[in-house]
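Student: Let's see this in three dimensions:
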Amino acid sequence: MNTESDSPASGTLDSAEIERRRATRFVWATWALMTLVTGAMVYWLGIRIPFWDEWDATVPFVTGEWPVTWSALWGSHNEHRIVLPRLILAGLDQLTDHNFRAGMFLTVALLSATSAALLMFVRRLRGYWVWTDAFFPCLLLNWGHAENLVWSFQLQFSLVCSFGCLATALMADRERPNAVKIACLGALLLLWPLCSAAGIICGLIIGLFFAGCWYWRREPEMVLSKPTLALAAAMMVLIPIESVLTFVPRSSIHKPATDHLALIRDILLEFGMVFGQGIVRRVGIPVSLVCLGLSALTLYWLWRGSECMATSRLARWGLALAIVAHLALACALAWARSGLGQAHAARYTTLLAPLLVAIYLAAVRCAPVRVRPVVTGTLCVLQFVLAIAYAVSGRAVWEERKIQADAFEQDIENGVPLAELIERYSGRFHPKDEVLTREIRRLHAAQIGIFAKIPMESPMADAEPTPPPAQ
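Tutor: Numbering: from 1, shown residues only. I've put the predicted structure just below:
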């Protein structure tokens, strides 16, 4: 009798377990496939020639002209301090015997590891995986990031993206913060400005999480230990100080926007860059309104917290800060680049990806039960649907660059002299021919890779030294 009454429930449990196992296989198969495909793209399409900023920002470290010292690492690059990416790329150069694609492979590994970490975290939140969790690898490993994937110098952008995703996850956890979590979050926020000026904006806003630790410290469910509060207080001091020290005035680098209506339009369109440059160009303002609408709806859930326990106040505060920080970053990107006509460069999609991560995690934690699968499912399906658009826009980035790099290598093998190489490829690999000439001479003198084969017309002594990074 008991067996008959229990059998339906048993069948239901078995069915649910089967669905969860299928979801687990689907999610991790998606992660493995996206990692493999993206890695293959870098292997086949990544160029072995330094490109653009690499000539005057990393090649001097390769040739030994710039020693790996704090002064050289700290020097500004445009409005950024890129201490950590410079240090990593200099180390990779030594480890890989001057392989200029090493940073590309590290970028793929970093984004793959970040998506895997997010998958583990969302299981910690929910207790199991559902098929929509494939959103994370689809978001971080799609070809919409091609400009950053096939350019080693853009390791800085993948670091910023990973820091944003991991910081969001640390703040969204169900358990109250302890000293270890606060130390990890603080480390991320302190390293962030050493990769990009984006770390200043996001660090100052997300740093308010530590103020929340103090504000809710007396709540019965949120009692924090003294070491945790001490670390939070220390971060509230250190982050603003570092922001001041790493700040480089934009006005000294790029001209400001003079057309205010165009600036407003660029800011609106920048919100849509979270879905990729190709979508923004084809759809325009409506896709930005989708992003803003999702963000506003998520902030409303976080404010109401009707589906959350009282112990989630700090997590809701952290998720809200992550969303606001990346919306502010979108505004800053448009403001800084509008005057140059580069407000919607494809590479900015990577910087803004943590915004969608924060929205997804907020939906898992605090969205109404009926709405939760709709939001997470929509975000996941969108990434699958946009995969073709990402591939098309990615091809526009790498195809011409790959063709030119292959031709450049073939000309070197054919013994084309330096002067003729510079003439043939003027503006292809660096905007200034004199910089390209100077650095190729130094690579030749250092007998590095294929550059050792280039015939020189004049002695190395004629080359001027590379200016050190601005302090």
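
Student: Kindly report the domain assignment for this structure.
Tutor: 20-49+100-394, 397-462 (automatic domain parsing).

Student: worst average pLDDT in those?
Tutor: Of all those, the minimum mean pLDDT falls on domain 397-462 (a mean of 85).

Student: Quick check: the gap between the residue nearest the centre of the chain and Leu140.
Tutor: Centroid-nearest residue in the chain, with C-alpha atoms, centre = their mean: Cys161, separated by 2.4 Å. Using C-beta to C-beta, to the nearest Å, Cys161 is found at 7 Å from Leu140. Just so you know, the C-beta spots here come from the backbone N, C-alpha and C atoms, and that holds for glycine as well.

Student: still on that earlier bit, can you verify my assumption that the residue nearest to the centre of the chain contacts Leu351?
Tutor: Yes - using C-beta atoms under 8 Å, Cys161 is in contact with Leu351, at 6.4 Å.

Student: Mind jotting down where the helices sit in the stretch 301-450 of the chain?
Tutor: 313-337, 348-366, 372-385, 387-413, 418-424, 433-445 (DSSP state H, counting those that start in this stretch).

Student: ok, Gly199 - contacts?
Tutor: The neighbours of Gly199, taking C-beta atoms under 8 Å, 6 or more residues apart in numbering as the test, are Val160, Phe163, Leu189, Leu191, Trp192, Pro193, Thr246.

Student: Of the residues you listed, which belong to helices?
Tutor: Val160, Phe163, Leu189, Leu191, Thr246 (DSSP state H).

Student: Just the buried residues from the residues you listed, in ChimeraX please.
Tutor: Paste this into ChimeraX to select the buried members of the ones in helices among the contacts of Gly199, with burial taken from 16 or more other C-beta atoms under 10 Å:
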select :160,163,189,191,246
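
Student: and of the ones in helices among the contacts of Gly199, the nearest to Leu269?
Tutor: Val160 (20.5 Å; C-beta to C-beta).

Student: Who are the contact partners of the closest one?
Tutor: Here Val160 is in contact with Trp192, Cys195, Ser196, Ala198, Gly199, Thr350, Leu351 (criterion: C-beta under 8 Å, 6+ apart).

Student: what helices or strands is the longest helix anywhere in the chain leaning on?
Tutor: Longest helix in the chain, counting residues (DSSP H): helix 2-45. If contacts are counted by 3 or more C-beta pairs under 8 Å, 6 or more residues apart in numbering; DSSP states H and E, helix 2-45 sits against helix 102-126, helix 135-140, helix 146-149, helix 387-413.

Student: Val83: which of these is closest?
Tutor: Of the helices and strands packed on helix 2-45, nearest to Val83 by C-beta to C-beta is helix 102-126, at 15.3 Å.

Student: chain center to that closest one, what's the gap?
Tutor: 11 Å (C-alpha atoms, centre = their mean, to the nearest Å).

Student: wouldn't Val375 be in contact with Cys366 here?
Tutor: No - using C-beta under 8 Å, Val375 makes no contact with Cys366, being 10.7 Å away.

Student: can you give me the end-to-end distance of stretch 57-72?
Tutor: 10 Å (C-alpha to C-alpha, to the nearest Å).

Student: Quick one: distance of it to the chain centre.
Tutor: With C-alpha atoms, centre = their mean as the basis, the mean position of stretch 57-72 lies at 24 Å from the chain mean.

Student: And it, what's buried?
Tutor: Ala57, Thr58, Val59, Pro60, Phe61, Val62, Thr63, Glu65, Trp66, Ala72.

Student: One more: stretch 271-284?
Tutor: Counting neighbours by 16+ other C-beta under 10 Å, stretch 271-284 gives Phe271, Gly272, Met273, Val274, Phe275, Gly276, Gln277, Gly278, Ile279, Val280 as buried.

Student: now swap in stretch 215-229 and tell me
Tutor: Trp216, Arg217, Met222, Leu224, Thr228, Leu229.

Student: same check, this time on stretch 289-297
Tutor: For stretch 289-297, by 16+ other C-beta under 10 Å, it's Val290, Cys291, Leu294, Ser295, Leu297.

Student: what do you get for stretch 94-109?
Tutor: For stretch 94-109, by 16+ other C-beta under 10 Å, it's His98, Asn99, Phe100, Arg101, Ala102, Gly103, Met104, Phe105, Leu106, Thr107, Val108.

Student: To Leu170, which of the helices and strands packed on helix 2-45 lies closest?
Tutor: The nearest among those, by C-beta to C-beta, is helix 102-126 at 8.8 Å.

Student: Direction-wise, compare that closest one with helix 348-366 and give the angle.
Tutor: Counting by axes from the mean of the first three to the mean of the last three C-alpha atoms, to 10 degrees, helix 102-126 lies at 10 degrees to helix 348-366.

Student: by contact count, what packs against helix 102-126?
Tutor: Looks like helix 102-126 contacts helix 2-45, helix 83-95, helix 135-140, helix 146-149, helix 155-172, helix 348-366 (3+ C-beta pairs under 8 Å, 6+ apart).
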